[in-house]
Structure formats: structure tokens, C-alpha cells
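Undergrad: Model the following, please.
(2 chains)
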Amino acid sequence: MSDPLPGSPPLRSPFFRPLTFAVGIALGLAVCSLVARRVSHESYHPGFTRFHLRISPEAQYYPTLDEMRGIVRSMCRTDQTLVIVGGNSIFNGVGQPDGKVWTGALQSNLGDNFVVVNLAFRGALCTDGGAVVAEALRTEYPHLIYVANTSPFGSLAPFGTEPYRYVFWEARSRGVLEDFKPRDEALATFARTQQTMGERFDIWSRATLDRFLRFRDIWNYIGFNYFFTIPNPTTPHLPEATWARGRLPDIEADFDAFPFENRFRPEIRTAELKIVRGFSWSFYDADANGDWHVKAKALADYDGAVEAAFPDDLKPRTLIMLSRNCRLYLDQLTPSELARDDNAYRDCEALWQKHGYSCAEYGRDYSATDFGDRTHLTAEGGVKLAADVANRVQTLAAKLGYTTPQP
Amino acid sequence: MKLLDDYLSRLPARTQKAAGHVGSLVLGFIMAFLLTYVLYRIGLPSKPFIYVAF
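TA: Numbering: from 1, shown residues only, chains lettered A, B, ... in the order given. Model (predicted):
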């Protein structure tokens, strides 16, 4: 450091007090942290339906664990049965506009003793977002059921996937997750094989800092209620780019606004049919009679993943729905391909059940028009799904003894 | 800054001292607030997540 040049103004005011300044920083951080905890404990998402496009990671908005817990607390009393919906875009309700989201129909079917909270995200696994929130709230809500979708032999990291894994790190750093050996082992293997020391330190330091300072919570609160500062493709132009995210309505497109032929255009059909044909192909071998048998390694890998997906005490409270592809494509499979697909659903359903989960498939008997594309459902398809899930949730609630009033 | 310093230097000594502490404290608060923002921003990916259904 060199001294200021003679005659130049001093670098700092003679009235500046460095120690008081440092105290100010410390107090400021403490106040921000306290305010963040206070505002996140209760919801600042009035009339919450789901994390739609403009309040999701696609819009650089990353809902925090406490923000989601606050939403649940504002919607559900502890004497009600909490139904947290997780999973991917299908369960988020992509293609179903606000007011026609399938979880609304699920809530109507279940009645006032149940409260449905949709915490599913586009491209998420059944172990992401809502799953972490369910685990974090397991003691606060003794009557809790977690519902999520996945596909047979689908990816199933017990600590979630990017870009939603941050919720898992948040929950882990705050000590709100259970110690669960299979998950811890999977995490250790992942850290050893997939992460550098730098990445591990980065995740640890950010999660630990945020645990104390709650900078994500305070700035999500400001971004949702006052002004947003992150450039994102969903609001590319001023002044909308800076608007509070809470001002922006859910603009999810309605599949029903598009004619069936437009939703399933020939060029799309060809590509989608390839995906459907390959859906279970890599997990099965055919014997001399043409009967399909699951590959031992695929089954063993999936078995381990299902075991590690949720802690043991949450398994009986979890309902996994295996998503079928649209009938339009299933009808074009050969009988052998369809038999292989059916085997995959049956085998995976049995595997989830073996580990203590409730599991069922849906969509096999839905009509092609119940689908907006290969996997997502129209509002009408969502109503069918809601009826299906409601029956299973009620059965599960009765099995878990939730139907009797809590003391 | 110079205007503020000139103004403060005309005040009684005790007031100068108190004003210096209050100003420094407020500055610390502002810095803390900005620090939380920096931590929030550097934690975000440089590009938003793009969802593709398979």
C-alpha cells in the first residue's frame, strides 16, 4: 500500500470508525439472517398452487427448503394429513394451466382432512424437492404422505439431481435429514467418484454459510415480494425483468388449446416412438421363446437405488406412481415390445413394494387424448390421475392409521 | 464525502464522535446487506436450467 499523493484527498473520512463499521457488518448479517428466518417460516406465496415456470430454476428462482416448509405450514394444520406431491413435470402439471392443475382435483377428491401441496419440479427426480421437504417435516407432521412419479428403472439418486440437489445440501447442512446408511454410502461413493475436492468444499462452504446467514432466503423473499435482479429468459425485457416474482402469473400453456394433431405432429411422433421403443429395451433380454427377462445387473442396481431412495421410516409413507407413455405410442409397439414394457412396470412395482413403499402404475388405460404429449397429461388426463392417486392415498392413510383424528 | 466531512467538522466534538459511530454502523449494515447479495448471486448458475423432457 502506498501513501496518498501529497495534496490528494484522504482515502477515508476522519469520522469513519473501523471497529463500529465491523460491528455494523456483524449486526447487519445477524439482522438479515433473523429476518430471513422470520419471513420464511410462514409462506410469502399467497394462494400457492405450484412452482410454475417463472418461480423455478428455469427462471433463476431457486425455492429454498425453508421457503417450501413455510408454504406447507401456511397450507396445512398439523391435525390434517399432509400430502406432499413431488416428482417431475408430469406431477408439476405441465400443460395444465392454473385452475386445471391435477393436484387441485386431487385436493377436491381427498377432502378437507387432507391438504395437498404440489412441490414437483420440471426434470426433477422423485427424490428431489418435495421428497426433501417431506423428510424435513416428518416429525412436525406425523400424518404425512409423500406422492411422486418416476419411470421404471429411471434415474434415482437418493440425494436428488441437478439443478435441484441444492435443497438436499441445504437440508443436510441444517441437520434436518435422517441418518440413513444406504444413502450416506451412496453419497460417499458419489463424492469420491464424481466430485473434486474443490467442488465438495464449494458445496460445503456455501451450504454452511447459508445455514447461518440465510442469504438465499432473504433474497428469494426480496425477489418474490419487491424486485428481482437476476436476468432470465422468462422475463427478458425491462421493466418486467425486475418485477417481483410474486407479481407474475402462472402462464403454463394449456394442452387443450392445441388440436390433437398439433400436439402429436408426424415429425414428433417418429422421435417419440423411438423413445417409447427404447423405454425398457436396455433392461431386458429375450430368451429362445421370446419371453423377456430382466437383466440381473439392471435389477440389482435398481434394487439398491430403491432401497437408498428414502429412509426406512418414510418408505411406508411414500406412494410411487410409475408413469406410462401415451397410448398413441403404446398402440404402435409390437406385442413383444409391449410385453417387455409391461414386464418393466410389473417388476419395478414389485421392487418398490418389496422395500415397503406403496407403488402403482398409471396411464395404461388412459386414452390418447388424455395426454398432451408422450408423457404429460391434459387437464382431463389429470382428473383421471387425481382420482387414481386419491384412492391410493386414502388406502395408504387408512393403512397408516391416519383416518382417526389426532389427539 | 468532502461536503459531509466539512459539515461534521463544524459540529461539537461529542456530536462528531457520535455521528462517526452512527455513520460507520449504518455503512456496516449496508455492506452486510450487499454481502448477502453477493453470496446469493455467486451461488446461482451463470445460465438458467433448461428443461428438456425425455
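
Undergrad: For the chain, give me the ranges with low pLDDT.
TA: You didn't pick a chain, so chain A it is. Counting by pLDDT under 70, the ranges of chain A that qualify are A:1-11, A:404-407.

Undergrad: wait, I meant chain B there
TA: Looking at chain B by pLDDT under 70, you get B:53-54.

Undergrad: run the last query once more with 80
TA: Across chain B, the ranges flagged by pLDDT under 80 are B:1, B:51-54.

Undergrad: Would you tell me which residues of it are close to chain A?
TA: B:1-2, B:4-5, B:8, B:16, B:19-21, B:23-33, B:35-37, B:39-41, B:43-45, B:48-54 (Cβ under 8 Å from any Cβ of the partner chain). Bear in mind the C-beta positions are built from the backbone N, C-alpha and C, glycine included.

Undergrad: what sits against residue A:390?
TA: A:106, A:109, A:110 (Cβ atoms under 8 Å, 6 or more residues apart in numbering or on different chains).

Undergrad: For it, give me phi and psi.
TA: phi -60, psi -40 (degrees, to the nearest 10).

Undergrad: Could you check what's spatially nearest to it, not counting adjacent residues?
TA: Distances taken as Cβ to Cβ, 6 or more residues apart in numbering or on different chains place residue A:109 nearest to residue A:390, at 3.6 Å, with adjacent residues excluded.

Undergrad: Quick check: the one you found vs chain B, distance?
TA: Per Cβ to the nearest Cβ, to the nearest Å, residue A:109 is found 26 Å from chain B.

Undergrad: Next step: the residues of chain B next to chain A restricted to helices.
TA: B:2, B:4-5, B:8, B:16, B:19-21, B:23-33, B:35-37, B:39-41 (DSSP state H).

Undergrad: Out of the residues of chain B next to chain A, which end up buried?
TA: Neighbour-count burial (16 or more other Cβ atoms under 10 Å in any protein chain shown) applied to the residues of chain B next to chain A gives B:5, B:8, B:20-21, B:23-25, B:27-29, B:32-33, B:35-37, B:39-40, B:43-44, B:48-49, B:51.

Undergrad: related to what we said a few turns ago, let's see if you can find the most crowded of the contacts of residue A:390.
TA: For these, the largest neighbour count, defined by other Cβ atoms under 10 Å in any protein chain shown, is 25 neighbours, found at residue A:106.

Undergrad: Which other helices and strands does whichever strand or helix holds that residue contact?
TA: Using DSSP states H and E, residue A:106 sits in helix A:102-110. Other elements packing on helix A:102-110 under the criterion 3 or more Cβ pairs under 8 Å, 6 or more residues apart in numbering or on different chains; DSSP states H and E are strand A:81-85, strand A:114-118, helix A:379-399.

Undergrad: Point out the other helices and strands that the helix or strand just after the second one packs with.
TA: Proceeding C-terminally, strand A:114-118 gives way to helix A:130-136 as the next helix or strand, assigned by DSSP H and E. Where contact means 3+ Cβ pairs under 8 Å, 6+ apart, helix A:130-136 is packed against helix A:65-75, strand A:81-85, strand A:144-150, helix A:165-173.

Undergrad: at 10 Å what do you get?
TA: The helices and strands touching helix A:130-136, judged by 3 or more Cβ pairs under 10 Å, 6 or more residues apart in numbering or on different chains; DSSP states H and E, are helix A:65-75, strand A:81-85, strand A:114-118, strand A:144-150, helix A:165-173.

Undergrad: List the buried residues of the longest one.
TA: Which is helix A:65-75. Those would be A:65, A:66, A:67, A:68, A:69, A:70, A:71, A:72, A:73, A:75, for helix A:65-75 by 16+ other Cβ under 10 Å.

Undergrad: What segments of chain A are strands?
TA: For chain A, strands defined by DSSP state E occupy the ranges A:81-85, A:114-118, A:144-150, A:284-286, A:292-294, A:318-323, A:358-362.

Undergrad: hmm, stretch A:247-256 touching chain B?
TA: No - judged by Cβ under 10 Å from any Cβ of the partner chain, stretch A:247-256 stays clear of chain B, getting no closer than 12.5 Å.

Undergrad: the helices in the stretch 151-300 of chain A, which residues?
TA: Along the stretch 151-300 of chain A, the segments classed as helices by DSSP state H, counting those that start in this stretch run A:165-173, A:181-194, A:197-213, A:215-225, A:260-263, A:266-277, A:296-309.

Undergrad: how about the ones you listed, which one is nearest residue A:19?
TA: helix A:197-213 (21.3 Å; Cβ to Cβ).

Undergrad: Other residues contacting the closest one?
TA: A:29-30, A:32-33, A:36, A:64-65, A:165-166, A:168-175, A:191-192, A:194-196, A:215-217, B:32, B:35-36, B:39-40, B:42-43 (Cβ atoms under 10 Å, 6 or more residues apart in numbering or on different chains).

Undergrad: ok now do residue 35, which residues does it touch?
TA: Going with chain A. A:214, A:217, A:218, A:221.

Undergrad: let's do chain B instead
TA: A:25, A:28, A:29, A:32, A:213, A:215 are the contacts of residue B:35 under Cβ under 10 Å, 6+ apart.
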